[in-house]
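Asks: Here you go, sequence then predicted model.
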Amino acid sequence: MIDWMLGHTEARFPRLRLHAGVYDLPSMYGAKGGAMVSRWEFEGAPWENPELYDKLSPSRYVEKFKTPTLVVHGQTDFRVPVTQGMQLFTAVQERGVPSEFLYFPDEGHWVLKPRNSVKWHETVLGWLNRWRR
């Protein structure tokens, strides 16, 4: 949802933090079991209902990305592939949006290891404090 907000809530939030978010719906379709859920949620595959995928995919609204963004993702995420976070980070970087990418090579969808949890909290709280209004 935060990926979507990045392109639809301009100037409403001073900063955003995205954790394991879906950035590009068509590329998510064939990734790690996403097809079954996507087929149900979006009434078919991307080639069967391209208008709905385009309408709802955060990647289609990159030109509106302006809010400082912290992207967090784990390499072993079996729900949302790390490439979704990397694609989003590339987009905000290329738009010149202040941004950081917090990457956990040994975590999945949730950050569970104590040392990584400390890093997650320090980074997220630091980001929130840095981009206050």
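Replies: Yes, it's here.
Asks: can we go C-alpha only for contacts and neighbour counts from here?
Replies: OK.
Asks: Show the subsequent helix or strand relative to the helix or strand of the chain with the lowest mean pLDDT.
Replies: Ranking every helix and strand in the chain by mean pLDDT, DSSP states H and E puts helix 34-41 at the bottom, with a mean of 76. Using DSSP states H and E, the helix or strand that directly follows helix 34-41 along the chain is helix 50-56.
Asks: Now do the helix or strand just after that following helix, average pLDDT.
Replies: Sequence order places strand 69-74 as the next helix or strand after helix 50-56, per DSSP H and E. Mean pLDDT, strand 69-74: 96.
Asks: List the strands paired with strand 69-74, with their directions.
Replies: Paired neighbours of strand 69-74 in the sheet (DSSP bridges): strand 16-19 (parallel), strand 99-104 (parallel).
Asks: Let me see the contact set for the nearest residue in space to Arg17 that is not next to it in sequence.
Replies: Among residues not flanking Arg17 along the chain, Leu70 sits closest, at 4.6 Å (C-alpha to C-alpha, 6 or more residues apart in numbering). Neighbour list for Leu70: Leu16, Arg17, Leu18, Ser99, Glu100, Phe101, Leu102, Val124, Trp127 [criterion: C-alpha atoms under 8 Å, 6 or more residues apart in numbering].
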